[in-house]
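In: Sequence and predicted structure below; questions after.
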Number of protein chains: 4
Amino acid sequence: MRGKRINDPTKNRFTRLALEGVGEIYELAQNPKHAELLTRSRKDGAKINAYCSIHGSKKDLVNRVRAARLICQRTGVCTASRCCGWDALNALWHTTFEVDRRFGTDYHNRLKRYVAMVQGRDLTCAGALTDPKGNRALKPRHQPDKDVYLRIVDENRKGIVVRGAKSMIGGAIGSHEIIVLPGTGFAEGESEHAAAFAVPLNAKGVVQVVDMQPGGERKLEAGFDKGNVSYGSSESLVIFNDVFVPKERVFMNGEFEYAAEAVTKFVQLHRMVLGGCLAGCGDVLTGAAALFAEYNGLSRQLSDRLTEMTYLSEALYSQAIGAAHEGQPTPSGAWFPDPLLANVTKMSVTRLPYEIQKIAEDIAGGMISCMPAEADLKNPLIGSFVEKYYQGTGEVTAEIRLRVARLIESMIAGPGRLGALCMHGGGSPAAAQMTIKQLADLEHKKEMAKTLAGI
Amino acid sequence: MRGKRINDPTKNRFTRLALEGVGEIYELAQNPKHAELLTRSRKDGAKINAYCSIHGSKKDLVNRVRAARLICQRTGVCTASRCCGWDALNALWHTTFEVDRRFGTDYHNRLKRYVAMVQGRDLTCAGALTDPKGNRALKPRHQPDKDVYLRIVDENRKGIVVRGAKSMIGGAIGSHEIIVLPGTGFAEGESEHAAAFAVPLNAKGVVQVVDMQPGGERKLEAGFDKGNVSYGSSESLVIFNDVFVPKERVFMNGEFEYAAEAVTKFVQLHRMVLGGCLAGCGDVLTGAAALFAEYNGLSRQLSDRLTEMTYLSEALYSQAIGAAHEGQPTPSGAWFPDPLLANVTKMSVTRLPYEIQKIAEDIAGGMISCMPAEADLKNPLIGSFVEKYYQGTGEVTAEIRLRVARLIESMIAGPGRLGALCMHGGGSPAAAQMTIKQLADLEHKKEMAKTLAGI
Amino acid sequence: MRGKRINDPTKNRFTRLALEGVGEIYELAQNPKHAELLTRSRKDGAKINAYCSIHGSKKDLVNRVRAARLICQRTGVCTASRCCGWDALNALWHTTFEVDRRFGTDYHNRLKRYVAMVQGRDLTCAGALTDPKGNRALKPRHQPDKDVYLRIVDENRKGIVVRGAKSMIGGAIGSHEIIVLPGTGFAEGESEHAAAFAVPLNAKGVVQVVDMQPGGERKLEAGFDKGNVSYGSSESLVIFNDVFVPKERVFMNGEFEYAAEAVTKFVQLHRMVLGGCLAGCGDVLTGAAALFAEYNGLSRQLSDRLTEMTYLSEALYSQAIGAAHEGQPTPSGAWFPDPLLANVTKMSVTRLPYEIQKIAEDIAGGMISCMPAEADLKNPLIGSFVEKYYQGTGEVTAEIRLRVARLIESMIAGPGRLGALCMHGGGSPAAAQMTIKQLADLEHKKEMAKTLAGI
Amino acid sequence: MRGKRINDPTKNRFTRLALEGVGEIYELAQNPKHAELLTRSRKDGAKINAYCSIHGSKKDLVNRVRAARLICQRTGVCTASRCCGWDALNALWHTTFEVDRRFGTDYHNRLKRYVAMVQGRDLTCAGALTDPKGNRALKPRHQPDKDVYLRIVDENRKGIVVRGAKSMIGGAIGSHEIIVLPGTGFAEGESEHAAAFAVPLNAKGVVQVVDMQPGGERKLEAGFDKGNVSYGSSESLVIFNDVFVPKERVFMNGEFEYAAEAVTKFVQLHRMVLGGCLAGCGDVLTGAAALFAEYNGLSRQLSDRLTEMTYLSEALYSQAIGAAHEGQPTPSGAWFPDPLLANVTKMSVTRLPYEIQKIAEDIAGGMISCMPAEADLKNPLIGSFVEKYYQGTGEVTAEIRLRVARLIESMIAGPGRLGALCMHGGGSPAAAQMTIKQLADLEHKKEMAKTLAGI
């Protein structure tokens, strides 16, 4: 991270916060109140953490969205690791089944064993898709440096050797394992890129570069200027410098025909889930804005704007629930949300949270563009001025007001701000738009119009 | 209508089109392909038209939305009558049950008998809520003319006499019955306004004034300038000039404490359903725009905009499905959608269709602001010019292009245009906003924020 | 119009209203209060109507915008004819000058004489650009029927013969002359299409087809259901069926290199001016919405929304003024607005008026989707009910409320509604976007970024 | 800053960058190319920096906007100090003139001497308005602690003593002087708050607390991770701990009737100018996004979005120019922009830059949510991986791509990000909306509507 090795991520304050976010998923799953959402019963009766389960019903999909909202309401951040790993396992459950059906391979059983191990040990798995991609105008097979799409560079009886990099790996610093999927569909002549596998993050050759995002430095401090004092998130670039993957952990090895399928099924889940995540983060930001309004004595005057924030969060949530409800099973037994509605949810996710942020910025007023630090408040010379001039209505001390303002600030402009979460998580808006275009069935709609126009 | 009596609404071309819209509901219900959506099985085994059923499950609510989308895809218009009546019956099913529980009255049984009659004869019932309201700044009990909120002016052993008016009664011209609900909540001292009942539309004292909306005149013509050549919609003002309602048809009689409940349950359904309706109308308009683009040789260039139209329609649909999925039963046995999400859907309904319209207007180009009439096309002197200059790509004749352009024009600027459908159907945006405000549970969100800010 | 010949456009109610709109320009120009805006002094001292002047200064451009706003505030409609003709004369003033400079032709002097004649007789000239265009994916020279772009089919010593059609000719029915420009840029091999000229609208071979737009039928009635009781607008398709144009009235004859220039200069003016027009129409609609709110007793509650309407209109106006202020002279002496800002104004014009419309629709409530006709109000049987139930606050009679509701209705959904005015007037949004793209000077902006990034 | 004293702001990297921003104004004013914009000639012939001049014409106002855009294009940041001071001087020029006219005081001459001194020594003056305000629901005279609005606590023959605080003082750290205006209008009984004056920032009792905003820590580093490597901005809270102000520097002393006037005139200028500022910053961000697209090989695919960014910036600019053009002189001789259009510009400024940011975030892709630090690039162990996987198309090295990505990141989420600049600079959106409401002249618009509705 920033050119320096982190020896113990539980000690580094930045990475510690990200770990706490994932930790909350373990913690809440122990809570009977949340057991229905956060645990599942395996066929063999074993109770497992939902975050490493395979969705076996429409209800599971709906609960997937609800769990995402709950965790974000509790943490205020993206705890991407377990999420992405969860979605990756489900995508592979389907893909390996299909590949085996067509090619007579044995990936599905391998995966089943791997999933059972993950469930048994309740591991956190990061999910990795995004390749560096080099020149976007060129296809993978025409790239000057083929490694810009992760690829298999060697293979023997025991396994494969992979080279490349995956970026935007949410929560990798807090994960035990990393599950790698193809980053895009591949064509003939690109089979070396069609690789899916899992390795522990401390496997030989795996290098992880953690990004802090602007404001991340503040997470290294002890006090409340970081805004969210309990949880954080992290994003990593993960480099695979000729990493050996044993056969038992390889889930696709050259079957380029199914690379797109793996990606598609992953994003189908992820683009739906984001509706829940952003609704949950939106709830926290709405709550913070409501507190701020209250401390300024303006609850009534700002109630319409707070209602608009609520509307926006719920609009995201209801779309995600709609996508889940329209979900269908695949022959593998795994359920996936409706592909069109999942992508529709993602499109909304790239738009509505910006409105939420903007209203929060409006309500928070000039204060979030200029406020004293905690160290100013505690400074013996000037602290009393800060106390005096930042006091809120009634009993609200300057510290309380500053804490809320810092929370809003961090959710708007700090690491893990809503904008960073919503635009490119689960793929770009352009990718969602492309999928909607493909699924729009314009011909059917043209027929409707023709009938009514009498043509 | 426009100062003249309509002797036979099946003969008048404007009202005929509105009747055809309702007719399509009867017709499709016969079609085995649509039986699942459009029919329901009563407990006694009788198969009834869904449009007069009581929702008994989450699935029924989801199908309510699907049916709305299907009918709008087929007709391109609002066939409000059966919809509003359907929602009114469900709202009363719950309300009468609750009133009886509290006051020991017998409304629920009355309603059951009425519903059984409607189901048995497969009647179309309009639903009526909106009162004229007079001066909005005054409460009902302070209005100079109390009739601006419909009220009970007399009562005897056999029934009640009501006076007032209800406006925006969609499809009343094509309905057998009209079911009247309170138009708003009422307080003590306003019990005379707390009335719910049903009467046939030809009951003595019922006067119906049908509005055409701009462009309605075109529906009186024979040809294709009306755009949608098969279906139409209508809105009526219905005046109750001291109408007698027999006891058996009275479902609320002064219980002002439950007036709000009746309205709330009606709009909960209706605000959800609109997501399906507008998605369906959006589909038709998207199809028409896609045809227009194709006829101009611009399908590829306009594909992003067509995708945006698809996104907008599906966003409405997925919200409605989300609201249905989160629905819950009431003690009466009737199910209702989640109140927060239903109102969220309505808010989206007051916004997204305007975007759909705007894109359609963009794609349709200048043509929809200036095009020859069918009579010009068929005029012996100038028809050949129209033929020549309005021909589309390939085999597309001027007539085909004009038909599609007229369909778009009618959906943007004719009677039943999307804008007229979406803004005030199911109540105003302000009413939906108010409900969201009440249901937002800001206190819970403030707690989330406090926890994360360390307060 | 609609297949029937109009013998006297001053007698037909629809066309009469359109004529009244233009008439208002003549009328106001007589009014000393508006002399500064609506008249100009020619170099020879003659006082002429501004609507046939050549812009000789920045102030003239600014007054062009102000005049547009004023006329729209007075009439509530697009009085396109004199506007388009005015812009066409200015565009040709520049283009003929440039063509002559390059080719040694004599168009500019011809035009000067023509302009002097128009000024002297204070004529109303329509402006015509839009060709039918056939298959948009093909270039003009590849069209199966070349007439879909107007073209010169013959030429002799005395003049030329032209064939083709121009559509969306605003106000042609109320014009003495029609000035025709190329509809787009042309390339080598397309010189037959590079024609600019003027003819009287009663020239032999000129056929005019007037469109009514939905709701136009209502303009044929006597009463107030038409909304705007004093003024209207009209759009025509004008067919040139081998029309002879004498040499003195030909201002471009094959110089395809300057076709784009003529179009560009026309739209530069027109796209700026629209900011004034839509601001003026927005003012009227804002006033109507404010009245409606007042009659409902809701002025205070709706004041934020009325303010938003004001904001939107003024945003359009200020952009147009900005574009005018940054205007520059051409070598011909004619001034034109800044091309980038004029197109920016047009982009805003295709967006903001829809917001204005939407708010008006919100404020006008359900009433504009269902209201009685004037004939209902005056009907002896039901008029009293309409009186009773549509009365507003205080002294506001049902007629007054209905009149305002009808005005709003007509501006949202009638002929000449804002949407029809703003989307394609002065060309499509896509055309404006293309121009902005060309003028954006991204290279300059990249340099700024490079400097700050230290590259 | 953050609890620690800054001994030399030219040495602290954060404050140094802010100083460089102001420095650029001095630098460019020396450049003959920019002399027209950045210098003015005083009546006595002296050439002065425009940033301390009084606007004497419409052209001065237009140049005010142009200067703002130029400086922001050059620096990419808000160099608020000289701007706010400039606007404050102009506001006082008018206000002191008016106060003197009414009360026979001598403020205007004092101010003239002060302005001449500032001009002669070419000083940078911060402008201070925003009070802490305490409980917004209470009027100043009802606040438990009256100091939450700055006030005069003592007065003698030589001057006054003031106590209070002003926040959001842009660029105070780089200013020689601070000019203080009332923060709002005041009423009778609040005259102690009606104070305007100027003091040097090192006056006794002045305490300045500088805020860094999230990401500010990065400005303390040497390399390019700060994004904008040359310039920065700063915001301060300035506390007046019983500061003595000599009489010659007092420009309002209790004349509460004119407090609102001083604020109004300040914001009239400032709200207009922001259109230029945000257009300039928008230009830089557009350029950065264009570079990023180019380095990814996606210039063509993203050209529509880049065009939209251009449109948005130019829309802001043209509105500001429109507001300047419609400016008028006051009796004092100072010119001010049109109040309605200036506030309209501000409203747009609170909206459009968010759209610009969002598009930049879309174009910058996932990279700005996860990218290696400069220290990673230069790390001997992992630098080569960063080099390899972050290379752009052609010759574009990883460093170049990272530099551009960091610039975008800093403008979206760093200190001085567009969102922080645009929402509350020059007052809140609510304040602008309130002003528009007051200036909307709805009565005039109602008259227009009445005439057309025939009422």
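Out: Everything's here; your move.

In: drop to CA atoms for contacts and neighbour counts, all remaining ones
Out: Noted.

In: Was I right to think residue A:213 contacts residue A:413?
Out: No. Using C-alpha atoms under 8 Å, residue A:213 makes no contact with residue A:413, being 9.6 Å away.

In: pLDDT (mean, whole number) over stretch A:89-108?
Out: Mean pLDDT, computed over stretch A:89-108, is 98.

In: Oh, that last question was meant for stretch A:432-445, not what I typed.
Out: Rounded mean pLDDT across stretch A:432-445 is 96.

In: again, but for stretch A:378-387
Out: 96.

In: what about dumping the CA coordinates of it to CSV?
Out: This file holds the C-alpha atoms of stretch A:378-387, laid out as CSV (Å, rounded to 0.1, in the frame of the first residue of the first chain):
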residue,chain,number,x,y,z
LYS,A,378,-9.0,19.3,21.2
ASN,A,379,-6.3,21.9,20.8
PRO,A,380,-5.9,23.8,24.1
LEU,A,381,-5.6,27.2,22.4
ILE,A,382,-8.4,27.1,19.9
GLY,A,383,-10.6,24.2,21.1
SER,A,384,-12.9,26.4,23.0
PHE,A,385,-13.6,28.5,19.9
VAL,A,386,-14.5,25.4,18.0
GLU,A,387,-16.7,24.3,20.8
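
In: Please name the spatially closest residue to residue A:200 (chain neighbours excluded).
Out: residue A:177 (4.1 Å; C-alpha to C-alpha, 6 or more residues apart in numbering or on different chains).

In: and the helix ranked longest in chain A, how far out from the chain's middle?
Out: Secondary structure of chain A per DSSP state H: the longest helix is helix A:259-295. Its chain's average C-alpha position is 9 Å from that of helix A:259-295, according to C-alpha atoms, centre = their mean, to the nearest Å.

In: does any part of the helix or strand containing residue A:165 sit near chain D?
Out: Secondary structure from DSSP states H and E places residue A:165 in strand A:159-170. Yes. Residues of strand A:159-170 contacting chain D under C-alpha under 8 Å from any C-alpha of the partner chain: A:165, A:167-168.

In: Thought residue A:251 was touching residue A:159, still the case?
Out: No. Using C-alpha under 8 Å, residue A:159 makes no contact with residue A:251, being 11.1 Å away.

In: Kindly provide the distance from the residue nearest to residue A:200 to chain C.
Out: Separation of residue A:177 from chain C (C-alpha to the nearest C-alpha, to the nearest Å) stands at 37 Å.

In: can you count the residues close to that residue?
Out: 22 (other C-alpha atoms under 10 Å in any protein chain shown).

In: Who is it paired with across the strands?
Out: residue A:125, residue A:200 (DSSP bridges).

In: Surely residue A:125 and residue A:87 touch.
Out: No. Residue A:125 is not in contact with residue A:87 according to C-alpha under 8 Å; the separation is 10.1 Å.

In: hang on, residue A:68 in a strand?
Out: No. Residue A:68 sits outside any strand when classified using DSSP: H, G, I helix; E, B strand; the rest coil, being helix.

In: wait, what's in contact with it?
Out: A:273-274, A:276-277, A:280 (C-alpha atoms under 8 Å, 6 or more residues apart in numbering or on different chains).

In: Let me have these in TSV, extended by neighbour count.
Out: Listed next are the contacts of residue A:68 as TSV, based on neighbours: other C-alpha atoms under 10 Å in any protein chain shown:
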residue	neighbour count
A:273	35
A:274	28
A:276	33
A:277	33
A:280	31
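
In: out of these, which one sits closest to chain B?
Out: residue A:280 (9.7 Å; C-alpha to the nearest C-alpha).
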